[in-house]
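Q: Attaching a predicted model along with its sequence, questions to come.
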Amino acid sequence: MSVLNADPQCIFCKIIAGQIPSRKVYEDEDVFAFHDINPWAPVHFLIIPKRHIPSMAQVGQAEEALLGKIMGLAPKLALEQGCEPYPQGGFRLLANTGDQGGQEVHHLHFHVMGGPRPWLRG
Ligand code: AMP
Ligand code: ZN
């Protein structure tokens with residue numbers, strides 16, 4: 001069900017399908033998470049829905065459960081991946097949306113970044 005609307009041109013749909021390799025952090029029937037190929041921070045991974053949703057601009061009430069699941073996973077995965085505990089540690093959760101929002105890959109994704117500073121960016 002979750003990959004029925006995969007976009008054949010989409011790099012993240014290809015990662016979900018295993019057609020492009022990635023360093024997987026987590027997977028379930030709805031969600032996939034993998035390390036960012038170009039990390040800004042000591043910990044930097046992306047959480048994405050398996051369903052191809054282009055961005056937060058396409059999110060509505062029908063996606064509430066899916067987004068709630070992703071928000072619930074973020075702190076758990078952040079700690080598992082080496083982010084230090086709140087409040088001294090913590091992490092940044094970011095969803096760039098649209099060109100002016102700085103989005104480059106148009107498959108909804110949440111950046112999770114953390115670890116000791118300084119970071120490369122941000
Ligand atoms: P954004 O600018 O929010 O669209 O971020 C897209 C992110 O995807 C960037 O941080 C890229 O480094 C990352 N990225 C692009 N291609 C890959 C890939 N094949 N594997 C892992 N991360 C990727
Ligand atoms: Zn996609």
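A: Received the coordinates, thanks. Computed from a predicted model, the values in this text were never measured in an experiment. Residues are numbered from 1 along each chain as shown. Ligands and ions are numbered 1, 2, ... in the order given.
Q: Look up how far G115 lies from the residue of the chain most remote from its centre.
A: Taking CA atoms, centre = their mean, the residue of the chain most remote from its mean C-alpha position is Q88, at 22.9 Å. Q88 is 12 Å from G115, where distance means CB to CB, to the nearest Å. (Glycine included, C-beta is placed from N, CA and C.)
Q: Point out the other helices and strands that the longest strand that the chain contains packs with.
A: Ordering each strand of the chain by length in residues (DSSP state E) puts strand 43-49 first. Under the contact criterion of 3 or more CB pairs under 8 Å, 6 or more residues apart in numbering; DSSP states H and E, strand 43-49 touches strand 31-35, helix 64-80, strand 110-114.
Q: which one of these lies closest to ligand 2?
A: Ligand 2 sits nearest to strand 31-35 of all these, at 10.4 Å, using CB to the ion.
Q: which one of the helices and strands packed on strand 43-49 is the most hemmed in?
A: strand 110-114 (a mean of 22; mean count of other CB atoms under 10 Å).
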